[in-house]
Each structure stands twice: as C-alpha cells, then as structure tokens.
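1. take a look and give me a structure for this.
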Amino acid sequence: MSTSHIRDEVSSRSAILLPDVDGPNNVTCTTEVGAITVALAAAVMSTLANRGVPGGSGCVVIACPERAPLLGPVLLECGIGSITSWNTRDAQDFSLRRVSSHNDILVDLRVPEHLDDEIEWAITAGPDVMSAAAASLAGLSVALRKEMFSRIDTPALAACARALVLQTAPGDVLPT
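-> The predicted model follows:
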C-alpha cells in the first residue's frame, strides 16, 4: 500500500490540496495562511512601488505576525528593507499608530473585532487579499506541475508574491 507524500510549508487545520501536481500517489498541500501570505506580500510590494519607495529600502510593520508566521521571511526574500513586529502586548508601551508612523507600510493582522484604533491606510486580510490568495493558488499549482520548485517554502512563496506583483496594474495594489 502506498502512502501519499505531503509537502506542507506550515502546519494548519485549514489546508488546501493542489491536485494533479505530483502524480497519483503524491499530493502537494499548502495552507490558507500560505496563500494569504503570498497575497499580503504582493500587496506590500505593490504599495511600496506605487509610493515610489526604492527596492530594498521599504520599512514594514507587521501587527500580530503570529497570524502569518512566514510573512516576515517572505517579505525579506522579496527585498523589503526592514520589518518591525508589533503585538497587542506592545500597546501599553508603544501604540501601533505610533510605531507605524515611522515606517512605510503597516500590515495589520489584528482580529477585526478587537480593533480599538483602525488605521485606514493599513494593508489587511480583506476581500481583495482573499481574492488574490485564491489566484496565487493557481500559479503555485502550475509552478509545481512544471517543477519550477520542489517544495512550498519561503523562496517559493516569495516567487508567487513577485508573480502577483507582475500581474498588478500600475497604481493598483493587487491584480483585479
């Protein structure tokens, strides 16, 4: 009896299977958070480009980075200059608004119902990001079928994010 080989970039209860990538006895698996990470990274890179921030010099704050643990490494792989992590326990000493005011972009991953001070210009995991996450799965599946990479890891997710940016019209944040 053969067992399916599963490649997974992070453990998650919300896994997405990419069928017909490896063959009949192998199934490649990615997680919802992996797909969302791709879309968030693409949104960050597009926003920096739209604001005229030169590559390698963008400064990003990620609020609640534990909700997308590979986002920081993927952004670094994509050439982001610096990343600051902020957690709700930091709020007593440093408000998120204060920390993000000294950076180019805020990626706000706080749970929406717990937002005490929503920051309008932040990138969040809203409907546009979810739509782009779904689009990233198609590209990821094709890349795996063509053996462009053999596993879903930080470089693979960064490559998918860069591909989404290439599909994004100038002035937009994500492809439409």
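2. hey, let's count contacts and neighbours off CA atoms from now on
-> OK.
3. show me what contacts the residue nearest to the spatial centre of the chain?
-> When C-alpha atoms, centre = their mean is applied to the chain, the residue found nearest the centroid is residue 37 (1.9 Å). Neighbouring residues of residue 37 by C-alpha atoms under 8 Å, 6 or more residues apart in numbering: 68, 70, 71, 74, 133, 157.
4. doesn't the fourth one fall inside a strand?
-> The one in question is residue 74. No - counting by DSSP: H, G, I helix; E, B strand; the rest coil, one finds residue 74 to be helix, located in no strand.
5. which of the helices or strands spans residue 30?
-> In this structure, residue 30 sits in strand 26-31 according to DSSP states H and E.
6. how about the CA coordinates for the helix or strand just after that strand, as PDB?
-> Per DSSP H and E, the first helix or strand lying C-terminal to strand 26-31 is helix 32-50. Extracted C-alpha coordinates of helix 32-50, given in PDB (Å, rounded to 0.1, in the frame of the first residue of the first chain):
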ATOM      1  CA  GLU A  32      -4.700  29.000   3.700                       C
ATOM      2  CA  VAL A  33      -2.200  31.100   5.600                       C
ATOM      3  CA  GLY A  34       0.400  30.400   3.000                       C
ATOM      4  CA  ALA A  35      -1.800  31.700   0.200                       C
ATOM      5  CA  ILE A  36      -2.800  34.700   2.200                       C
ATOM      6  CA  THR A  37       0.900  35.300   2.900                       C
ATOM      7  CA  VAL A  38       1.600  35.400  -0.800                       C
ATOM      8  CA  ALA A  39      -1.200  38.000  -1.400                       C
ATOM      9  CA  LEU A  40      -0.200  40.200   1.600                       C
ATOM     10  CA  ALA A  41       3.500  40.200   0.400                       C
ATOM     11  CA  ALA A  42       2.300  41.200  -3.100                       C
ATOM     12  CA  ALA A  43       0.200  43.900  -1.700                       C
ATOM     13  CA  VAL A  44       3.100  45.300   0.300                       C
ATOM     14  CA  MET A  45       5.500  45.300  -2.700                       C
ATOM     15  CA  SER A  46       2.900  46.900  -5.000                       C
ATOM     16  CA  THR A  47       2.100  49.600  -2.400                       C
ATOM     17  CA  LEU A  48       5.700  50.400  -1.900                       C
ATOM     18  CA  ALA A  49       6.200  50.600  -5.700                       C
ATOM     19  CA  ASN A  50       3.100  52.900  -6.000                       C
END
